[in-house]
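Undergrad: Any chance you could fold what I've pasted below:
(2 chains)
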Amino acid sequence: MRGSDMDWTNKAAKAGFLACVLLWHSLAWPNEVTDTTGVIYTVEERAGRFWSGVKAFFTALTQIFLPPSPTDVARRIHAGETLFWTLLVDAGYELDDVQVTASLIPKVSASFRLARELSDADREWLQRRMDELARTGGGLMEGLQRSVILMLLEASENGGYKIDRVHLVLSPLPEAQLSLKPLPPSQDTPQVDLSKSLSLLRYHRY
Amino acid sequence: MSMNFARLSAILVLLYSSLAVATPDTPSSTAFALRHYIRILAPESMHPYTEAMVQAFMGRRQGQPPVIETRPTRAATTLFCAGVGAAHPDVLVIPRRLSHAEYNRCIEQGVEQIAEVVFGYEVLALAVKREVIPFPLTAEQIYLALAAEVPKDGGFQANTTRTWHDVDARLPEQEIQVVIPTRKAGARDLFNNEVLEAGCRGLSEIRKIYSATERTAKCLGLRSDGPLVERPPYALQSHLFQAPAGTIGVMPLHQVEMAGRSLLTLPFEGVLPTRPSIETGSYPLSRRLYLYVKLGHIQERKGYGVTEGLREFLREASGEQALEPGGIFDRLGLILPPPAERVRQRLDGLLLRPMVR
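TA: Residues are numbered from 1 along each chain as shown, chains lettered A, B, ... in the order given. From the prediction side, this is the model:
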């Protein structure tokens, strides 16, 4: 999540910088403007240069606000570009859809659905990876990602309900929404479990 | 680092001697304990270690011996976390760490103070006789060589591979011959988790199966047409010596070490089983074994408490006699935690310091 966001931000910053340079260059209007061959510009030529500079500036500006393409986001997730995507797949979730909203503040989000139950060995393995990640530390984003995986792990251990859908907002501000679904009641999964699990989840989220 | 270790050891010795004076091994009156024996929960694979702990404990003590109750790991953990009081067990011995969810459940049910001791690493090695040229193997390659059915063209087909080269073109033209521990052994449990399940986890055909039971059955179903032999852990080494050259033995590391130079270990997932690779967790075919004790069941100095002798049991299991080289766990073939960790654990055991998850 962080890697792709950073790529996008870098691209936007570069485009913005280029636009500013172009605009500044076109606005620089000394008394005697000559090109390298020593030809003096006419007023029309100066106006033309100015206009192309303004155009380039706004083209770059729109690039800043244009979100990445949905297929690009999906490709990055499928390729397991960051550890978080691979952990999410290891936790039993598969990419369901990618939503991209183009606006002044573009929004990119992805939904994952539960594709398989975890076995005890899967849980142990994932828990060990979480412990290793906790030891190596990491920033705020890694902490958020880790808590999402831990919530999924915790839910998979409880027989009373399941998290069947995970909705992740990737930008502008990272956010995770987990959709809980109670399992059909059976004799050995009392309803009490559901409320207990919900309170556990709340405990983890805040 | 060495200074820290020396300082820590000195503090430990001082503390131990002061505690030994302040707290006699038997509380002043055991009449206040609600239960006069210790209840231990452990899966079957942990029995050799649990029994050794009980024997060492009873060797220095009189009275009722601890009772070992056999439960699968998850069930044992659920029972352990069910509550505090004489009706609930005191000790849990499992081959993995308590998960966050289990720890939270424990706290929710009032089991708030738990001591945690890592009493060793169970390590398996892939061993071959010295005359064989070693070649590295991955979990996926071993799974594809030993599974009864292997993924092919989006489905599953009976495994017909004969040589390692059939499994992966990078491997030698050597016949697949593997000897593994029998089903009920703890070592087999480790082999199932870290080789077979780890090897099949990433395969797309396996990932398409929703049910964990069905997927596990596919991952653990082994071929019975010759390349695979099962032996009890104690017979693995002798079988490997008698087997044709090229046979790979999946056996406890201490057995390979005991064989001296006559056996070689193969790199697994590109890593050889060495002390540093085991301690850092980079060698995947190993696991830490954990002992958990409910601190809330320990008798206070005046003798009030739930279970008689629990303080001494914890001290014994985390103490020098158990965790040092030549101790009970070393004799059972476990790789011991590094010295600094052993000292820290002993200190935690003496001070009854609870774990933090």
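Undergrad: okay, and for chain A, where does confidence drop off?
TA: By pLDDT under 70, the low-scoring segments of chain A are A:1-41, A:61-67, A:80-81, A:159, A:185-206.
Undergrad: which bits of it sit near chain B?
TA: Selection of chain A residues close to chain B by CB under 8 Å from any CB of the partner chain yields A:89-90, A:115-125, A:127-128, A:130-132, A:150, A:153-154, A:157-158, A:196, A:200, A:203. All C-beta spots, glycine's among them, are computed from the backbone N, C-alpha and C.
Undergrad: Could you pull out the strands in chain B for me?
TA: B:33-35, B:39-42, B:67-70, B:91-94, B:114-129, B:149-152, B:155-158, B:178-181, B:228-231, B:248-252, B:263-265, B:286-294, B:305-307 (DSSP state E).
Undergrad: With adjacent residues omitted, what lies nearest to B:R261?
TA: Residue nearest to B:R261 in three dimensions, not counting chain neighbours: B:R130, with 6.6 Å by CB to CB, 6 or more residues apart in numbering or on different chains.
Undergrad: quick one, longest strand in chain A?
TA: strand A:161-171.
Undergrad: Which other helices and strands does the helix or strand following that one contact?
TA: Where DSSP states H and E defines the elements, the next helix or strand beyond strand A:161-171 is strand A:175-182. Applying 3 or more CB pairs under 8 Å, 6 or more residues apart in numbering or on different chains; DSSP states H and E, we find strand A:175-182 packed against helix A:140-157, strand A:161-171, helix A:192-205.
Undergrad: hmm, try it at 6 Å
TA: Judged by 3 or more CB pairs under 6 Å, 6 or more residues apart in numbering or on different chains; DSSP states H and E, the packing partners of strand A:175-182 are strand A:161-171.
Undergrad: Tell me which residues of the strand it packs on come out buried.
TA: By 16 or more other CB atoms under 10 Å in any protein chain shown, the buried positions in strand A:161-171 come out as A:161-163, A:165-171.
Undergrad: ditto for stretch A:88-108
TA: Buried, per 16+ other CB under 10 Å, within stretch A:88-108: A:88-93, A:95, A:98, A:100, A:106, A:108.
Undergrad: swap in stretch B:217-236?
TA: Across stretch B:217-236, burial judged by 16+ other CB under 10 Å covers B:218-220, B:222-223, B:227-228, B:230-231, B:233, B:236.
Undergrad: For the stretch 251-357 of chain B, just list every one of the helices.
TA: B:253-258, B:275-279, B:310-317, B:320-323, B:328-331, B:339-351 (DSSP state H, counting those that start in this stretch).
Undergrad: export these to CSV and tack on distance to chain A?
TA: Shown next, in CSV, are these (distance: least, CB to the nearest CB, whole Å):
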stretch, distance to chain A
helix B:253-258, 19
helix B:275-279, 13
helix B:310-317, 22
helix B:320-323, 21
helix B:328-331, 21
helix B:339-351, 14
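Undergrad: Out of those helices, which is the most enclosed?
TA: helix B:310-317 (a mean of 24; mean count of other CB atoms under 10 Å in any protein chain shown).
Undergrad: And the average pLDDT for stretch B:342-355 is what?
TA: On average, the pLDDT along stretch B:342-355 is 92.
Undergrad: roughly how far is that stretch from the heart of the chain?
TA: With CA atoms, centre = their mean, to the nearest Å as the basis, stretch B:342-355 stands 20 Å off its chain's centre.
Undergrad: ok, of the helices of the stretch 251-357 of chain B, where does mean pLDDT dip lowest?
TA: Among the helices of the stretch 251-357 of chain B, helix B:320-323 scores lowest, at a mean of 87.
Undergrad: Give me the contacts around it.
TA: By CB atoms under 6 Å, 6 or more residues apart in numbering or on different chains, the residues outside helix B:320-323 that reach it are B:327-329, B:342.
Undergrad: swap in stretch B:242-262?
TA: Applying CB under 6 Å, 6+ apart, the contact partners of stretch B:242-262 are B:123-132, B:174, B:177-180, B:187, B:191, B:236-237, B:240, B:263, B:265, B:273, B:333.
Undergrad: Next, the distance between the ends of that stretch.
TA: 12 Å (CA to CA, to the nearest Å).
Undergrad: Could I get the pLDDT score of the residue sitting furthest away from the middle of chain B?
TA: Most distant from the centre of chain B: B:D153, at 37.3 Å, with distances by CA atoms, centre = their mean. B:D153 is assigned 85 on the pLDDT scale.
Undergrad: If we look just around chain A, which residues of chain B are in range?
TA: Within reach of chain A by CB under 6 Å from any CB of the partner chain, chain B has these residues: B:96, B:99-101, B:104, B:193, B:197, B:210, B:212, B:216.
Undergrad: Which residue ranges of chain A form helices?
TA: Using DSSP state H, the helices of chain A run over A:2-27, A:43-65, A:70-78, A:83-90, A:120-136, A:140-157, A:192-205.
Undergrad: Excluding sequence neighbours, find me the nearest residue to A:L133.
TA: Per CB to CB, 6+ apart, closest to A:L133 is A:R146, 5.8 Å.
Undergrad: now swap in B:L144 and tell me
TA: Closest to B:L144 by CB to CB, 6+ apart is B:V167, at 4.9 Å.
Undergrad: close enough to count as contact, the one you found and B:Q141?
TA: Yes. B:V167 is within contact range of B:Q141, at 5.4 Å (criterion: CB atoms under 6 Å).
Undergrad: tell me, what's touching those two both at once?
TA: Common neighbours of B:V167 and B:Q141 (CB under 6 Å, 6+ apart) do not exist.
Undergrad: Leaving out the residues flanking it, which one is nearest to whichever residue of the stretch 251-357 of chain B sits closest to chain A?
TA: Nearest to chain A, among the residues of the stretch 251-357 of chain B, is B:G281, at 6.6 Å (CB to the nearest CB). Closest residue in space to B:G281, ignoring its immediate chain neighbours: A:E132 at 6.6 Å, by CB to CB, 6+ apart.
Undergrad: A:T86 versus the one you found, what's the distance?
TA: 14 Å (CB to CB, to the nearest Å).
Undergrad: again, but for B:H297
TA: 41 Å.
Undergrad: just checking, B:R223 touches B:A158?
TA: No. Using CB under 6 Å, B:R223 is not in contact with B:A158, being 8.1 Å away.
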